[in-house]
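# Okay, predicted coordinates and the sequence, questions at the end:
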Amino acid sequence: MSKQIFKLSSILTAMYFIVPTTAQAHGWVEFPEARQSICYEQGGLWTGNPPNAACAAALQESGTYPFIQRNEVAINIQAPDYLDQNIVKAAIPDGSLCYANDSQKSGLGIAHSDWTRTEIAPGTFEFIFNATAPHNPSYWEIYLTKPGVDVSQTLKWDDLELIQEYGDITVGADKKYRMNVTIPADRSGDAVLYTRWQRIDPVGEGFYNCSDITITGDEQPPVDPDLPYLNKGEQFIPSDISINTPQIGESVKYDVLNQYGEVHNSFSIKITTDNQLDWDRLLASQISGYYETNHSGHVFIGDWHAEMNHYMYFRDNLHANYFNSKDERASGVFSIVAEEIDPQLKAVITPQALQEIEIAEVEHGTVVVLHPHNTQGEFDSVQWAQLSGPAVNVEQGLYSELMVNTEQLDSQGEHELSFRLTVSNNEGSDSSVYGFTVIGEEETPEVPPVEGDWDADKVYVEGDTVTFDGRTWTAKWWTQGEQPGTTGEWGVWR
């Protein structure tokens with residue numbers, strides 16, 4: 001198997017460094033702020049005197065629980081049912097939308113005219129979700145009440161229209177999801193912005209928030225003054241392909257080509273019973289989400305919506321979506337890939353484990369999570385084995401990820417650990433090695449005396465210190481004739 005070395009900056013595709021948290025995703029809409037968070041921040045809940053009349057009524061209905069649990073206005077709809085909007089509506093019936101049909105939080109859904117409102121002008125604004133426990137993969141749906149809806153009454157599904165969708169979005173270092181949301185230019189007055197954040201996993205936990213807003217009627221300038229700002233290309237899905245064309249076990253693939261016809265990036269989804277009727281939206285979300293996160297949204301799958309003044313994916317019209325790109329010379333190619341079957345053995349081929357990654361450094365006390373998610377091909381079993389370093393106790397998660405808590409190691413010095421991942425099926429197995437270095441707590445080092453200017457003819461040993469080019473350098477081992485500054489980050493001179 002060929003080996004590829006990944007740079008430390010991209011190591012997160014295979015390894016995540018996190019502190020211990022609950023496995024559940026949590027959070028609330030920070031802007032425009034969700035009503036349960038506004039009531040919490042305004043105070044008065046524990047003295048029974050909230051300054052806002054709607055918050056006071058909600059407190060009388062449900063007590064303090066909805067506000068203490070402001071990051072858990074959620075419901076679990078198991079996969080694949082959360083992909084069926086009719087099942088979602090049945091699980092969260094009319095009148096219960098603002099509290100996700102959790103009877104203990106029903107105060108958040110009471111009819112009232114005094115909910116505190118955030119003023120927002122028509123046009124595009126930055127929507128912010130405060131994720132106290134982020135979770136990916138997931139997707140987003142943003143709704144707005146239709147014109148003429150009485151927002152002082154309880155919210156119903158027929159009151160809403162979908163104005164924005166996003167697929168998997170990378171959470172920021174501040175644990176906040178940020179995305180552009182566009183309020184239609186012709187809207188004004190009081191409204192409710194309704195947010196759905198849905199995890200893509202077997203449990204299917206989804207978060208539902210009501211943000212009370214007033215649309216001021218003063219249109220904001222668009223993000224780009226020359227809208228639509230992308231060049232429209234070919235259909236995303238060719239007209240001879242229907243939603244039922246790809247068969248279970250096959251994969252749908254989309255290659256994004258640069259101006260030279262070279263593959264810039266490839267995206268694929270394997271067709272299963274869970275996604276058989278939604279593969280197009282999920283594939284489009286992968287593509288648009290990647291380019292939104294990594295390339296300033298220079299590629300989007302969908303089409304320009306003139307009335308809403310933004311790009312969107314038309315989920316109920318397969319062939320109404322197109323490849324849109326900043327570079328008019330770029331293009332996209334859709335294909336269906338047959339299930340990988342050995343033509344002689346008629347069996348699934350041997351899986352390929354993740355390729356070996358470059359050793360990374362983590363701080364002492366970090367929980368290191370090693371994932372086998374990018375393994376190529378189907379596999380029946382996953383095994384982890386420690387190859388080097390001090391023996392550590394590990395845990396294996398629900399999705400076969402290995403969790404190593406480095407707190408158990410000596411806090412002083414460096415510890416190099418490595419683990420072998422083995423994936424296998426009936427046709428064979430494959431292995432790969434993950435390695436990382438745990439950096440101990442810093443001690444105040446003894447600064448060795450400077451030996452003087454570096455001399456190419458002189459022999460230096462570990463700990464010798466010289467000056468060169470206005471900087472001080474320390475030798476990490478025996479060296480002669482190697483000029484400081486030319487040996488790299490991990491070379492003899494540091």
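Now that the structure is in, tell me what you want to look at.

# Point me to the helix or strand that includes the most centrally placed residue in the chain.
For the chain, residue 170 is the residue whose C-alpha lies nearest the centre (Cα atoms, centre = their mean; 3.6 Å). Using DSSP states H and E, residue 170 sits within no helix or strand.

# Double-check it against residue 290; I have them as touching.
No. The pair residue 170 / residue 290 is not scored as a contact, 9.3 Å apart, by Cβ atoms under 8 Å. For glycine as for every other residue, the C-beta is placed from the backbone atoms N, C-alpha and C.

# so where's the protein shaky on pLDDT?
Residues of the chain meeting the criterion pLDDT under 70: 1-25, 218-226, 340-360, 372-379, 442-451.

# For residue 87, which three-state class applies?
helix (DSSP: H, G, I helix; E, B strand; the rest coil).

# OK, contacts around the closest residue to it other than its chain neighbours?
Nearest residue to residue 87 in three dimensions, chain neighbours excluded: residue 81, at 4.5 Å (Cβ to Cβ, 6 or more residues apart in numbering). By Cβ atoms under 8 Å, 6 or more residues apart in numbering, the residues touching residue 81 are 87-88, 204.

# TSV for those residues, including distance to residue 414 and neighbour count?
As requested, these are exported to TSV (distance: Cβ to Cβ, whole Å; neighbours: other Cβ atoms under 10 Å):
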residue	distance to residue 414	neighbour count
87	52	14
88	50	20
204	42	19
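
# Turn those into CSV, columns for distance to residue 484.
As requested, the contacts of residue 81 are exported to CSV (distance: Cβ to Cβ, whole Å):
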residue, distance to residue 484
87, 66
88, 63
204, 57
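
# And those residues, which is closest to residue 138?
Using Cβ to Cβ, residue 204 comes nearest to residue 138 of the contacts of residue 81, at 10.4 Å.

# Number of residues surrounding the residue nearest to residue 146 when sequence neighbours are not counted?
Distances taken as Cβ to Cβ, 6+ apart place residue 161 nearest to residue 146, at 5.3 Å, with adjacent residues excluded. Here the count is done by other Cβ atoms under 10 Å, and residue 161 has 14 residues near it.

# Just list what the helix or strand harbouring residue 432 packs against, helices and strands only.
Residue 432 is located in strand 428-439, with elements delineated by DSSP H and E. Packing partners of strand 428-439 (3 or more Cβ pairs under 8 Å, 6 or more residues apart in numbering; DSSP states H and E): strand 360-363, strand 414-425.

# That one: partners in the sheet, and parallel or antiparallel?
If you go by DSSP bridges, strand 428-439 pairs up with strand 360-363 (parallel), strand 414-425 (antiparallel).

# now the ones you listed as a markdown table including distance to residue 296 and mean neighbour count?
As requested, the strands paired with strand 428-439 are arranged in a markdown table below (distance: least, Cβ to Cβ, whole Å; neighbours: other Cβ atoms under 10 Å):
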| stretch | distance to residue 296 | mean neighbour count |
| --- | --- | --- |
| strand 360-363 | 27 | 15 |
| strand 414-425 | 34 | 18 |
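
# Using CSV, lay out those strands together with distance to residue 321.
Output for the strands paired with strand 428-439, formatted as CSV (distance: least, Cβ to Cβ, whole Å):
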stretch, distance to residue 321
strand 360-363, 39
strand 414-425, 35
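
# Quick one: closest of those to residue 27.
Of all the strands paired with strand 428-439, strand 360-363 comes closest under Cβ to Cβ, at 25.5 Å.

# Pull out the buried positions in the helix or strand following the closest one.
Downstream of strand 360-363, the next assigned helix or strand under DSSP H and E is strand 367-370. Within strand 367-370, the residues that count as buried by 16 or more other Cβ atoms under 10 Å are 367-368, 370.

# quick one: which of these is nearest to residue 53?
Ranked by distance to residue 53 (Cβ to Cβ), these are led by residue 367 at 45.1 Å.

# so that closest one touches residue 402, yeah?
No. Residue 367 is not in contact with residue 402 according to Cβ under 8 Å; the separation is 10.7 Å.

# what helix or strand does residue 203 sit in?
Applying DSSP H and E, one finds residue 203 in no helix or strand.

# burial count for residue 193?
Neighbour number of residue 193 under other Cβ under 10 Å is 25.

# that's a strand at it, yeah?
Yes. Secondary structure of residue 193 (three-state DSSP): part of a strand.

# Pull the contacting residues for the closest residue to residue 337 other than its chain neighbours.
With sequence-adjacent residues excluded and distances taken as Cβ to Cβ, 6+ apart, residue 337 is closest to residue 251, at 4.4 Å. By Cβ under 8 Å, 6+ apart, the contact set of residue 251 is 268-271, 336-337, 339.

# which secondary structure elements does the helix or strand hosting the residue nearest to residue 146 contact?
Using DSSP H and E, the element containing residue 161 is strand 160-166. Counting contacts by 3+ Cβ pairs under 8 Å, 6+ apart, strand 160-166 packs against strand 138-145, strand 176-183, helix 279-294, strand 310-312.

# quick revisit: buried sites along the strand holding residue 432?
Neighbour-count burial for strand 428-439, with 16+ other Cβ under 10 Å as criterion, is recorded at 430, 432-436, 438.

# just so I have it, where are all the strands in the stretch 51-200 of the chain?
74-76, 118-120, 123-133, 138-145, 160-166, 176-183, 189-199 (DSSP state E, counting those that start in this stretch).

# My error: substitute the stretch 201-350 of the chain in the last question.
Secondary structure of the stretch 201-350 of the chain, counting by DSSP E, counting those that start in this stretch: strands at 205-215, 231-235, 251-257, 263-270, 299-305, 310-312, 322-325, 331-337.

# Let me have those strands in CSV, adding distance to residue 27 as columns.
Below are those laid out as CSV (distance: least, Cβ to Cβ, whole Å):
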stretch, distance to residue 27
strand 205-215, 7
strand 231-235, 35
strand 251-257, 30
strand 263-270, 26
strand 299-305, 26
strand 310-312, 24
strand 322-325, 30
strand 331-337, 33
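
# closest to residue 243 out of those strands?
Of these, nearest to residue 243 by Cβ to Cβ is strand 251-257, at 10.7 Å.

# which neighbours does that closest one have in its sheet, and in what orientation?
Note on strand 251-257: by DSSP bridges, its sheet partners are strand 263-270 (antiparallel), strand 331-337 (antiparallel).

# Residue 143: which of those strands is closest?
strand 263-270 (25.4 Å).

# Show me the contact partners of the closest one.
249-258, 275, 279, 282-283, 286-287, 290, 330, 337.

# residues touching residue 202, list them.
78-79.

# tell me the domain boundaries of this protein?
Using automatic domain parsing, the domains assigned to the chain come out as 1-20+346-443, 32-215, 231-337, 445-494.

# Kindly provide the distance from residue 125 to residue 118.
Per Cβ to Cβ, to the nearest Å, residue 125 is found 10 Å from residue 118.

# returning to that earlier point: what separates the residue nearest to the centre of the chain from residue 291, distance-wise?
Per Cβ to Cβ, residue 170 is found 12 Å from residue 291.
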